[in-house]
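Asks: pasted the sequence and its predicted model underneath.
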Amino acid sequence: MTSLAAKRVLITGGGSGIGRSLAHRFAGAGAEVVVCDIDASAAREVRARITARGGRACAVTADVTDASSIARARQQVLAEAGPIDVLVNNAGIVHGGPFLQVPLSRHLATYHVNTLAVVAVTHAFLPDLLARPEAHLVNIASASGFVGLPYGSTYASSKWAVIGFSESIRMELASLGHAHVRVTTVCPSYVRTGMFDGVRAPRLTRMLTPERVADLVVRAVLKKRAFVLAPWIVGVTPLLNAILPRPVFDAVARAFGVNTSMASWRGRPQL
């Protein structure tokens, strides 16, 4: 996709955090943005800010864990705006803490939002992407999808699943002759959105800003990149994980503070 002008981009979880920054960044690049969020007022506020600056946007309310809600949102988008060219599966939650001290309901909610919703939203909107002359699917995963994450086991594993799903869909689309639909998997380390309040970024790195992640995502869409890996340490993690003996890799993870980074997680209320 060489230009976002006249393209329509739907962003789940677009009312706050990375999603809000993505909405502004895509709008600034000339796209019409569909701000989709379970919080209707947050979605409308982002829409209002974009339109006040001369951009194009609409707001849609949807619960991405509810297939019927997703279907209604799609019908609303088609009726009020038209088919989308870019889908960004951004909605996500995190619950940290020792595994047994986190209620089971929160573990399951993490999978529902971070993994199952990505599958459900993609299943609903992929036909619209296939029908466009060029299109893009963006899935927000995490650097934790490449490593174990103590005190964040279900969060990390939910993102491992997103990476596997994204890569499988990317290869499947190419195999079926739909190479015009590109797929990008976004794997940032900790992002300063409030979701990770209390965590410690790995040594020699610092927390990313939502604006930085949004810039990298838009650039990846325009350059048709399969992955966004940030900061630098994320780019070398899959290689180190593959070539180092397990005890050595574990020692490296400990040395960089990965194993204890979530131990002081506070986050913000999610449910």
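Replies: Yep, that arrived.

Asks: residue 212 contacts residue 230, doesn't it?
Replies: Yes - here residue 212 lies in contact with residue 230, judged by C-beta atoms under 8 Å, at a distance of 7.3 Å. C-betas here are computed from N, CA, C, even on glycine.

Asks: neighbour count winner among these two?
Replies: More neighbours surround residue 230 than the other of residue 212 and residue 230, with 21 against 17 (other C-beta atoms under 10 Å).

Asks: for the closest residue to the more buried one other than its chain neighbours, give me its contacts.
Replies: Among residues not flanking residue 230 along the chain, residue 188 sits closest, at 5.1 Å (C-beta to C-beta, 6 or more residues apart in numbering). Counting by C-beta atoms under 8 Å, 6 or more residues apart in numbering, residue 188 makes contact with 142, 143, 208, 213, 216, 228, 230, 234.

Asks: one more pass at 10 Å, please.
Replies: 18, 140-144, 207-208, 210, 212-213, 216-217, 228-231, 234 (C-beta atoms under 10 Å, 6 or more residues apart in numbering).

Asks: how about the strands in the stretch 151-271 of the chain?
Replies: All strands of the stretch 151-271 of the chain, identified by DSSP state E, counting those that start in this stretch, fall at 181-188, 227-230.

Asks: can you lay out those strands as CSV showing mean pLDDT and distance to residue 107?
Replies: Listed next are the strands of the stretch 151-271 of the chain as CSV, based on pLDDT from 0 to 100; distance: least, C-beta to C-beta, whole Å:
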stretch, mean pLDDT, distance to residue 107
strand 181-188, 98, 22
strand 227-230, 96, 27
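
Asks: winner for burial among those strands?
Replies: Mean neighbours per residue, mean count of other C-beta atoms under 10 Å, is largest over these for strand 181-188, with a mean of 24.

Asks: count of residues packed around residue 180?
Replies: By other C-beta under 10 Å, neighbour count at residue 180 equals 14.

Asks: all good on my end, thank you.
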